[in-house]
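Enquirer: sequence unknown, structure follows:
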C-alpha cells in the first residue's frame, strides 16, 4: 500500500481518503482497520501542522473515555498530562525526521490508572503521522510478578544451598553439587562390576554433561556454579539410595543404577532430562535453563570391562552433544558379545 503518497484530508473526510486510495488499495486499508479491533490494537492519524487527530479507531475513544464524542479533532493536550504530551511530541518528531517506522513506549495516567503502551509510528506524507497503539499494561504486570517470583525463588535456592553446605561439611562430598566425588565413584563402580559378575545381573552407567548455556556465557562463573548446584539438587532428589550419583569432572557427572537394565535406565534418564529441562535455576532474576546431555551404557551388555564401559558411555554423551544436546543417547551394543 502506497500510503505515504496520499495526502491526509480534513478530519471529517477520512473515509473519503480511504476511498481516494483507489479500488485496489482502499479495501485493503479498510480490511486492516477491521482486523485491528479484535486484537485490542488502536490506530490513529495525527496532523503535525495542527497537532490534532484526524482519525482514531473506536478503541481510542474508549481508551480516553470519549465514547460519545470521540477524539478526532482533539490534540494530545486535551487528553493527556503535560509530560505525556511532550513525550508524544518527541516521538512524533523522531518519526518525521527518520522517515521510517519508529516504536516507543509511553506511560499514561488514564481514569486514575497507570497504563503502558507500545506506539509504533510511520509518517504519511510530510504532515501526518499514523500510529498503532498496543496496550502492554497487563503484560508488564505479568512480567513484574514473574520477576518478583524469580527473585524469591533465587533467594530460596541460595538459602537451601547454604544449609546443605553446612550440613555436609567434612563429609567428603563435592561442595558445589553435594554429590560424591571421583574416588567414591571409582570404588562403587568396581563393587558394581564385582556384584554383577558374581550374581549375573545387569547394572547401568549414565554419564551426564552440562550443555553450554547462553546465560553462563553472559553471567560467567556464578551462573556455572548455580547450574552445577541445580543439577546436584536434581540428582540427589531423583536417584535411589542404592544408586551412586557422583561428580567426576568439571562438567561431568555419573550415576550408577544398580540392578537396572538398559531400557529401564533409558526411561528413567529421559524422565530426569525432562525434569531438569523444566527446572528453574535462577541467578540475578534470570532463569539459566538447565540442559543436559546423557550417555547410557550397561554392564555386561554394552561392555564387560570397566574401561570399555566408561568409554562407551563417554561416546554416547559426545553423540548427544553432537546432536545439539538436551537428549539421552544409548551406547551401542557390540554384535557377538556374550
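Expert: Thanks, I have it. Given the structure is predicted, the values throughout are model-derived calculations rather than measurements.
Enquirer: From what I see, residue 136 and residue 104 are in contact.
Expert: No. Contact between residue 136 and residue 104 fails when scored by C-beta atoms under 8 Å: they sit 11.8 Å apart. The C-beta positions use only the backbone N, C-alpha and C, and glycine is treated the same way.
Enquirer: hey, what's in contact with both of the two?
Expert: residue 118 (C-beta atoms under 8 Å, 6 or more residues apart in numbering).
Enquirer: Would you check how far apart the residue located most distally from the centre of the chain and residue 249 are?
Expert: Distance from the C-alpha centroid of the chain, by C-alpha atoms, centre = their mean, peaks at residue 198 (49.5 Å). According to C-beta to C-beta, to the nearest Å, residue 198 and residue 249 sit 30 Å apart.
Enquirer: my guess is the residue farthest from the centre of the chain is in a helix, correct?
Expert: Yes. Residue 198 sits within a helix when classified using DSSP: H, G, I helix; E, B strand; the rest coil.
Enquirer: Counting by contacts, list what the strand or helix carrying residue 85 packs against.
Expert: Residue 85 is part of helix 82-98, with elements assigned from DSSP states H and E. Applying 3 or more C-beta pairs under 8 Å, 6 or more residues apart in numbering; DSSP states H and E, one finds that helix 82-98 contacts strand 102-110, strand 113-124, strand 128-135.
Enquirer: nearest to residue 178, of the ones you listed?
Expert: strand 113-124 (42.9 Å; C-beta to C-beta).
Enquirer: Could I get the buried residue list for the closest one?
Expert: 115, 116, 117, 119, 120, 121, 122, 123, 124 (16 or more other C-beta atoms under 10 Å).
Enquirer: Sheet-wise, list the partners of it with their directions.
Expert: Using DSSP bridges, strand 113-124 pairs in its sheet with strand 102-110 (antiparallel), strand 128-135 (antiparallel).
Enquirer: what comes into contact with the first one?
Expert: Residues outside strand 102-110 that contact it (C-beta under 8 Å, 6+ apart): 63-65, 80-81, 84, 87-88, 91, 94-95, 114-122, 136.
Enquirer: what do you get if the cut-off is 10 Å, keeping everything else the same?
Expert: Strand 102-110 is contacted from outside by 63-65, 79-81, 83-84, 87-88, 90-96, 114-123, 129, 131-134, 136-137, 140, using C-beta atoms under 10 Å, 6 or more residues apart in numbering.
Enquirer: Which segments of the chain make up each domain?
Expert: For the chain, the structural domains run 3-135, 172-330, going by automatic domain parsing.
Enquirer: and the longest one, how far from the chain's centre?
Expert: Taking C-alpha atoms, centre = their mean, to the nearest Å, one finds the center of domain 172-330 at 25 Å from the center of the full chain.
Enquirer: tell me the mean pLDDT over it?
Expert: Regarding domain 172-330, the rounded mean pLDDT is 92.
Enquirer: Compute the first-to-last residue distance for that domain.
Expert: End-to-end distance for domain 172-330, by C-alpha to C-alpha, to the nearest Å: 31 Å.
Enquirer: re the thing from before, would you mind listing the buried residues in the helix holding residue 85?
Expert: 84, 85, 87, 88, 91, 92, 95.
Enquirer: Now for the third one: which residues touch it?
Expert: So that's residue 87. 76, 80, 81, 104, 105, 106, 107, 108, 119.
Enquirer: rerun that using 8 Å as the cut-off
Expert: By C-beta under 8 Å, 6+ apart, the residues touching residue 87 are 104, 106.
Enquirer: One more: the fourth one?
Expert: Residue 88 sits next to 76, 80, 106 when contact means C-beta under 8 Å, 6+ apart.
Enquirer: Please apply the same query to residue 175.
Expert: 165, 168 are the contacts of residue 175 under C-beta under 8 Å, 6+ apart.
Enquirer: hang on, it in a strand?
Expert: No. With three-state DSSP as the criterion, residue 175 is located in coil rather than a strand.
Enquirer: Please report phi then psi for it.
Expert: phi -70, psi -40 (degrees, to the nearest 10).
Enquirer: what about the helices in the stretch 151-300 of the chain?
Expert: 182-199, 214-219, 221-237, 262-278 (DSSP state H, counting those that start in this stretch).
Enquirer: measure the residue nearest the centre of the chain to residue 213 for me?
Expert: With distances taken as C-alpha atoms, centre = their mean, the residue of the chain nearest its centroid is residue 287 (7.6 Å). From residue 287 across to residue 213, the span is 11 Å (C-beta to C-beta).
Enquirer: swap in residue 63?
Expert: Residue 63 is 42 Å from residue 213, by C-beta to C-beta.
Enquirer: Ok, residue 143 next?
Expert: From residue 143 to residue 213 the distance is 22 Å (C-beta to C-beta).
Enquirer: Alright, I will stop here.
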